[in-house]
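Visitor: Here is the input, now give the coordinates:
(2 chains)
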Number of protein chains: 2
Amino acid sequence: MSKSNSVGIVKPKTFINSEPLKLDCGKTLESYELVYETYGALNRKKNNAILVCHALSGNHHLAGKYSTKDKYPGWWDNLIGPGKPLDTNKFFVIGVNNLGGSHGSSGPKTLNPKTKKIWGSKFPVVTVPDWVNSQKALINSLGITKLAGVLGGSLGGMQAIQWSIQYPECIKHAIVIAAAANLTAQNIAFNEVARQSILTDPDFNKGDYYIKNQIPKRGLRLARMLGHITYLSDDVMGTKFGRKIKNKSVKYKFDTEFEIESYLNYQADKFANEFDANTYIRMTKALDYFDPAQSNIKNLSNIFKKIRAEFLVISFTSDWRFSPDRSKEIVKALLDNKIKTSYAEIHASSGHDAFLMNDAHYHSILENYFKKIYKSL
Amino acid sequence: MSKSNSVGIVKPKTFINSEPLKLDCGKTLESYELVYETYGALNRKKNNAILVCHALSGNHHLAGKYSTKDKYPGWWDNLIGPGKPLDTNKFFVIGVNNLGGSHGSSGPKTLNPKTKKIWGSKFPVVTVPDWVNSQKALINSLGITKLAGVLGGSLGGMQAIQWSIQYPECIKHAIVIAAAANLTAQNIAFNEVARQSILTDPDFNKGDYYIKNQIPKRGLRLARMLGHITYLSDDVMGTKFGRKIKNKSVKYKFDTEFEIESYLNYQADKFANEFDANTYIRMTKALDYFDPAQSNIKNLSNIFKKIRAEFLVISFTSDWRFSPDRSKEIVKALLDNKIKTSYAEIHASSGHDAFLMNDAHYHSILENYFKKIYKSL
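Guide: Numbering: from 1, shown residues only, chains lettered A, B, ... in the order given. A predicted model of the protein is given here:
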C-alpha cells in the first residue's frame, strides 16, 4: 500500500551529451540534452537504480513538487517515495524526459545547437530504440553500469522491453505495465486520426509554428480528446458520466451538454495549453514504429532469446488499448525462453489509465516485486 | 440468400409537405421536402409497405442505380430487390432521406422557403422522433395507414424502435439491427470528438460555409476517420490491414505509411467531398439525444408497454459500437411486455459495419422474417 510520504521538493537536472547519437531515421544528433530527476540515493555498489520511462504525454517529473505552492506532485507520486511501493529509501529512482519531448529535453521546441534556431519541423523522428540509447548515455554519466530495473507503463513499458533487448547485460529487471509488443491496426488508426488533427490544423504551419507564436491548439485538443476515450473503459465512462447532462434539459444546440463532453473539452483545453504538438506527433510515431518482432508476434520468442533480465508484466482487465491478451503475448515469448517472469492481470475498471491509479492490489504487487529486487541487490 | 437481381434503374421522388412540423427543439418547420425512393408495388390493401430508415451517413437510395453508368448501386442493394431477402416482388419498399440530410431533403444546404436563403446554421437540430413524424406524413401521403415493417440498422434501428413507440398502431413489425436504446458515454464521446473536429475547423464558419463556398473538409475528414475506426472491429482491422506498410520500409516522416492509414485517409477524402458537415453534426446529435427510456434502461420496459408491433432484433458479435449486450437490453424490455420478439446474435468479424454486409446467416434470418411478414399480410 502506498503511504503519504513524499520525496519532497525536487529539482530537475540536465544531462548534456556532446557524443553524437545516430538515430533510427538515419540522421545524427551531434549533441543533445536530457532533463531528468532523481529520488533517493545511489548506493555504493551503484546497483540500486530504477529507471522509470514515461508514456505519450508524460515527462521526467515522477514524484514530489518543485515548490510548496505546486498544486500537484509528479505524475507517479502515488507509487514513488519513501515507504511507497517503489521505495526511495531503498532505490535510486530516475525519471527522464525523452528526446523529442516538450519538457526540457532536446526536442522540436529547443534550439538546434548547430543553427542556433528552434528545431521545429526539423527535429528528427525518434524511436523507442533511440530513446533507450540516449537513456543509456545518461545512465553511464551517473556511473551506473547495470540498472536494477526499468519500469514503465504503456509506451514506457515498451521502453522497458527495448532495454532488455538492446542492453541485455545492463538491466536486471523489466517491469512492463499495460503495454504491448507492438500496436494493432486499430491502435495505429487512432494515432493517425490524432496526427491528422494536428497536421491539418492551419496553425500547425508544417511544424514551424513557434516562430509565428500561434500554436495548433485545435489539433492538440482533438488529439487529446480522442486519446482520453481510449485511455478510459466504456464501463468507467458509464459509471463516471453515463448520460448525465450539465443542465436540467438538453438545448438542441452544439454546445457541450453531456457531462462526458464537458470532461473531454476540459481535458483538451488543459492539454493544448501545456503540451507541444510536434512532440505529440513524434510520440505517436514512436508508438507506431515500436515492433521488435517486426510485425510477426511469433517472431517475438526469437527476439527475446537475447534477454537476460527478469520480467514483471502487468495488465488490466478493462484496458482495451493494450488488452491483457497483448501482455500475454509478451509473457508467452518470455516463457518460451525460460525467462523468469511474473504476470498479473489486475481487475480494474478504469481502462488503460489504471496503470496510473492507486489500486491496492496493483500497488501491492509492485511493492512485493521491488522488495524482491532489493533483496537480490 | 441474396440473389443478383436488381430493382434496376430508379428515380428519386420528392414529397412536399406544407403542413407545419413542430420539432422537439421547439421550432416549427412551416413546410419541408423529403426525397424518397420506392421499389416494388404497393398492393391493393396497401399493407405491404416496408420503410427502411438510414443511419448517420446513409440516404434514401437503398437499391438499384440512377443510370447504367453508375458504378455502385444503392447502399442496401445486397438486401433489397426482386428475389432478395427483402423481396421487392412482394413488398413495397420505401427509402427516405431524413430531414436535415444532405441528399435532397430539407436540410442545412437547402433553401429556407421563408427567407429564400440557404438554411445553413439556421436549420434546426432534428431528433429521431422528429424524423418519425416526418416519415409518418410521407407514409400518409402514399395512402398507407399501417406499415408492414420498419427496418433499420444503427441509427436506422433507433427510428424503427421510435416508430413502434410513437405510432404503435401504424407499424406491424420493427426490425432493429445493430442498434441500442440509447448511446453510452463512450458513444457520445466519440460523437463529440467528431463534432469538435467540424465545429473548430476554421472553414466551418459557424455552419454558414455555403456562402463562402469553402467547405470544412478538414473537420469532416477527421470525423469520418474516427467513425470508420468505430465501425470496424479491432480484429477485422488486424486481418485486413494489420501492420502492413505501403512501401518496403518506413520513412520516419508523417506521411501515411501503414496501410490502415492510407485506407482511413482515402475514406476521409471521399467522404469530405460528398457529405455535408452541417448534416453530420446534426445526425450525431440525433444519436446522442435518442433515449426513449430517459437514461434509465430499467425504464425501457415501461416505455415499451405501448408497443403493438412484433420485433426482430439482430446484433453482431464484433460490434463494439452497439454491442450485443445493448441489443439484449431491448429484447429484455420487449419480453417484459410479452411482445413477440425474435433475436439473433450473428457471429461476424466486421464490427458495426456487419449490418451492411452480405452475410449468408444474417441475410437468411432477414429473408425468413420477411417471408413470415408476407404470409401474415
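Visitor: only C-alpha atoms for contact and neighbour calcs from this point on.
Guide: OK.
Visitor: Low-confidence ranges, chain A, go.
Guide: A:1-4 (pLDDT under 70).
Visitor: okay, now the domains of it?
Guide: In terms of domains, chain A is parsed into A:13-182+A:292-375, A:187-284 (source: automatic domain parsing).
Visitor: May I have the distance across the first one, first residue to last?
Guide: Spelled out, it's domain A:13-182+A:292-375. 29 Å (CA to CA, to the nearest Å).
Visitor: ok, residue A:121 touching residue A:108?
Guide: Yes - here residue A:121 lies in contact with residue A:108, judged by CA atoms under 8 Å, at a distance of 6.7 Å.
Visitor: More neighbours: which of these two?
Guide: For residue A:121 versus residue A:108, neighbours defined as other CA atoms under 10 Å in any protein chain shown are more numerous around residue A:108 (27 against 18).
Visitor: and chain A, which residues reach chain B?
Guide: Residues of chain A lying close to chain B (CA under 8 Å from any CA of the partner chain) are A:25, A:125, A:183-186, A:188-190, A:192-193, A:196-197, A:200-201, A:218, A:222, A:225-226, A:229, A:234, A:237-238, A:241-243, A:251-254, A:260-261, A:264, A:285, A:295.
Visitor: Please report phi then psi for the closest residue to residue A:22 other than its chain neighbours.
Guide: Of all residues not flanking residue A:22 in the chain, residue A:28 sits nearest, at 4.3 Å (CA to CA, 6 or more residues apart in numbering or on different chains). When read as degrees, to the nearest 10, the backbone of residue A:28 gives phi -130, psi 130.
Visitor: Residue A:28 contacts residue A:21, correct?
Guide: Yes - using CA under 8 Å, residue A:28 makes contact with residue A:21 at a distance of 5.5 Å.
Visitor: Which of the two has more residues huddled nearby?
Guide: Using other CA under 10 Å, the more surrounded residue of residue A:28 and residue A:21 is residue A:21, with 17 against 12.
Visitor: which residue ranges form the helices in chain A?
Guide: With helices called from DSSP state H, chain A shows them at A:128-141, A:155-166, A:185-199, A:217-231, A:234-240, A:259-274, A:277-289, A:300-303, A:324-336, A:360-375.
Visitor: counting contacts, what elements does the shortest one pack onto?
Guide: When contacts are defined as 3 or more CA pairs under 8 Å, 6 or more residues apart in numbering or on different chains; DSSP states H and E, helix A:300-303 packs onto helix A:324-336.
Visitor: what's the helix it packs on packed up against?
Guide: When contacts are defined as 3+ CA pairs under 8 Å, 6+ apart, helix A:324-336 packs onto helix A:300-303, strand A:310-316, strand A:341-346.
Visitor: Let me know the angle separating the last one from helix A:324-336.
Guide: Going back to what we said before, that points to strand A:341-346. On the basis of axes from the mean of the first three to the mean of the last three CA atoms, to 10 degrees, strand A:341-346 is oriented at 170 degrees to helix A:324-336.
Visitor: follow-up on the earlier one: deepest-packed of the helices of chain A, please.
Guide: Of all those, helix A:155-166 has the most neighbours on average by mean count of other CA atoms under 10 Å in any protein chain shown, namely a mean of 26.
Visitor: just checking, what packs against it?
Guide: Using 3+ CA pairs under 8 Å, 6+ apart: helix A:155-166 touches strand A:49-53, helix A:128-141, strand A:149-153, strand A:173-177.
Visitor: Determine the angle, from 0 to 180 degrees, between that helix and strand A:173-177.
Guide: Using the same axes, to 10 degrees: helix A:155-166 against strand A:173-177 is 150 degrees.
Visitor: hang on, the earlier thing: which neighbours do residue A:121 and residue A:108 share?
Guide: residue A:278 (CA atoms under 8 Å, 6 or more residues apart in numbering or on different chains).
Visitor: Save the helices and strands packed on helix A:324-336 as CSV, and put in distance to residue A:66 too.
Guide: Shown next, in CSV, are these (distance: least, CA to CA, whole Å):
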stretch, distance to residue A:66
helix A:300-303, 41
strand A:310-316, 30
strand A:341-346, 32
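Visitor: can I get the domains of chain A in a markdown table with distance to residue B:145?
Guide: Shown next, in a markdown table, are the domains of chain A (distance: least, CA to CA, whole Å):
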| stretch | distance to residue B:145 |
| --- | --- |
| domain A:13-182+A:292-375 | 47 |
| domain A:187-284 | 31 |
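Visitor: right, so of those, which gets closest to residue B:134?
Guide: Of all the domains of chain A, it is domain A:187-284 that lies closest to residue B:134, at 18.1 Å by CA to CA.
Visitor: Chain B versus the residue sitting nearest the centre point of chain A, what's the distance?
Guide: Centroid check for chain A by CA atoms, centre = their mean gives residue A:55 as the closest residue, at 1.4 Å. Noted for residue A:55: a distance of 19 Å to chain B, by CA to the nearest CA, to the nearest Å.
Visitor: Then residue A:166?
Guide: Distance of residue A:166 to chain B, given as CA to the nearest CA: 20 Å.
Visitor: ditto for residue A:44
Guide: 42 Å.
Visitor: What is the neighbour count of that residue?
Guide: Residue A:44 is flanked by 7 other residues according to other CA under 10 Å.
Visitor: List phi and psi for it.
Guide: Per degrees, to the nearest 10, the backbone of residue A:44 is at phi -60, psi -40.
Visitor: sorry, back to before: let me know which of the helices and strands packed on helix A:324-336 is tucked in deepest.
Guide: Highest mean neighbour count among the helices and strands packed on helix A:324-336 (mean count of other CA under 10 Å): strand A:310-316, with a mean of 24.
Visitor: Which strands or helices does it pack on?
Guide: Going by 3+ CA pairs under 8 Å, 6+ apart, strand A:310-316 lies up against strand A:173-177, helix A:324-336, strand A:341-346.
Visitor: redo that, cut-off 10 Å
Guide: When contacts are defined as 3 or more CA pairs under 10 Å, 6 or more residues apart in numbering or on different chains; DSSP states H and E, strand A:310-316 sits against strand A:149-153, helix A:155-166, strand A:173-177, helix A:324-336, strand A:341-346, helix A:360-375.
Visitor: In the third one, which of the residues would be classed as buried?
Guide: By neighbour count with 16 or more other CA atoms under 10 Å in any protein chain shown, strand A:173-177 contains the buried residues A:173, A:174, A:175, A:176, A:177.
Visitor: nearest to chain B, of the residues you listed?
Guide: Nearest to chain B among these: residue A:177, at 21.1 Å, using CA to the nearest CA.
Visitor: Contacts only, for residue A:72.
Guide: Residue A:72 makes contacts with A:63, A:64, A:65, A:66, as judged by CA atoms under 10 Å, 6 or more residues apart in numbering or on different chains.
Visitor: Is it possible to get CSV of the residues you listed that adds neighbour count?
Guide: Shown next, in CSV, are those (neighbours: other CA atoms under 10 Å in any protein chain shown):
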residue, neighbour count
A:63, 26
A:64, 25
A:65, 20
A:66, 17
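Visitor: Which of those residues sits closest to chain B?
Guide: Using CA to the nearest CA, residue A:63 is the member of these that lies nearest chain B, at 31.2 Å.
Visitor: Report the contact partners of the closest one.
Guide: A:6-10, A:37-39, A:72-81, A:93, A:95.
Visitor: Out of the residues you listed, list just those in strands.
Guide: By the criterion of DSSP state E, membership of those in strands covers A:37, A:38, A:39, A:80, A:81, A:93, A:95.
Visitor: ok, so of those, who is nearest residue A:145?
Guide: For those, the residue nearest residue A:145 by CA to CA is residue A:93; the value is 14.8 Å.
Visitor: give me the beta-bridge partners of that closest one?
Guide: Applying DSSP bridges to residue A:93 yields these beta-bridge partners: residue A:39, residue A:50.
Visitor: How many residues are close by it?
Guide: Around residue A:93 there are 28 residues (other CA under 10 Å).
Visitor: again with the one 10 residues further on
Guide: Burial of residue A:103, expressed as a neighbour count using other CA under 10 Å, amounts to 24.
Visitor: Ok, the one 10 residues further on next?
Guide: Residue crowding around residue A:113 was assessed by other CA under 10 Å; the count is 14.
Visitor: next one: residue A:348
Guide: Here the count is done by other CA under 10 Å, and residue A:348 has 21 residues near it.
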